[in-house]
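J.: missing the sequence, but the structure's below:
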């Protein structure tokens, strides 16, 4: 199974980085088990159900299954201050990094302002073509407006569900770019035309 390279951050002990990657380790272990089950699965006649090599398409599905199987149950919303307290206690308890190092890293983090970044990136290369930066108090949709001027007629822009909205859609498409944006899961759209792959076309209307 392919492994991701080990990440390093200057001044941060590797044990502390591993502490932040516990979910990734759980997913990786689950994928390994699922891949073994996949290549050893047999039918009623005792014949292998699948090829002994996991294809990219099958691996993508197994990755999704592993993410669902290892996802912890949702907990009641807690204040940020409480979460930070719990994270600190967990890091001290499980990472085995000295308390004074963790405290110094926290003080170092508080000494520098945090920024929010929204960027345009190519899907194939993941190369960032342009980005907008602002304080954490500025929302992503607000920063995104600074990027729309870099979109043209030959572009297809993908965006997450947090950017859904008519005004933002109009601003993003003003330069002629095509848009493919997710919507929030609780939004139910009318079915105008069902497509062979199980998806459907819909429409959204608004009052001007």
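T.: Received the coordinates, thanks. Not measured: the values here are computed from a predicted model.
J.: residues touching residue 23, list them.
T.: By Cβ atoms under 8 Å, 6 or more residues apart in numbering, the contact set of residue 23 is residue 70. No exception for glycine: its C-beta is placed from N, CA and C like everyone else's.
J.: residue with max distance from the center of the protein?
T.: Distance to the chain centre peaks in the chain at residue 45, reaching 41.0 Å (criterion: Cα atoms, centre = their mean).
J.: Contacts only, for the residue nearest to residue 115 when sequence neighbours are not counted.
T.: In space, and not counting its chain neighbours, residue 115 is closest to residue 133: 5.1 Å by Cβ to Cβ, 6 or more residues apart in numbering. Contacts for residue 133 (Cβ under 8 Å, 6+ apart) come out as 115, 116, 117, 143.
J.: Same check on residue 34?
T.: Counted by Cβ under 8 Å, 6+ apart, residue 34 has contacts 62, 65, 66.
J.: and the second one, which of the three is it?
T.: Residue 65 carries the three-state label helix when classified by DSSP: H, G, I helix; E, B strand; the rest coil.
J.: what's the neighbour count on it?
T.: When counting by other Cβ atoms under 10 Å, one arrives at 15 neighbours for residue 65.
J.: Same check on the first one?
T.: Counted with other Cβ under 10 Å, the neighbours of residue 62 add up to 19.
J.: Tell me the spacing between it and residue 80.
T.: 34 Å (Cβ to Cβ, to the nearest Å).
J.: host element of residue 153?
T.: Per DSSP states H and E: residue 153 is located in neither a helix nor a strand.
J.: How about it, nearest residue that isn't a chain neighbour?
T.: In space, and not counting its chain neighbours, residue 153 is closest to residue 176: 3.6 Å by Cβ to Cβ, 6+ apart.
J.: For the one you found, give me its contacts.
T.: Residue 176 makes contact with 151, 152, 153, according to Cβ under 8 Å, 6+ apart.
J.: in the protein, what spans have low per-residue confidence?
T.: Counting by pLDDT under 70, the chain has low-confidence residues at 1-10, 205-208.
J.: How far away from the center of its chain is stretch 84-95?
T.: For stretch 84-95, the distance from its own C-alpha centre to the chain's C-alpha centre is 23 Å (Cα atoms, centre = their mean, to the nearest Å).
J.: What are the buried residues along that stretch?
T.: 91, 92, 95 (16 or more other Cβ atoms under 10 Å).
J.: just stretch 111-126 next, same as before
T.: Applying 16+ other Cβ under 10 Å to stretch 111-126 flags 118, 120 as buried.
J.: Residues contacting it, please?
T.: Residues from elsewhere that reach stretch 111-126, judged by Cβ under 8 Å, 6+ apart: 127-136, 138-140, 143-144, 146-147, 150-151, 157-158.
J.: Much appreciated, bye for now.
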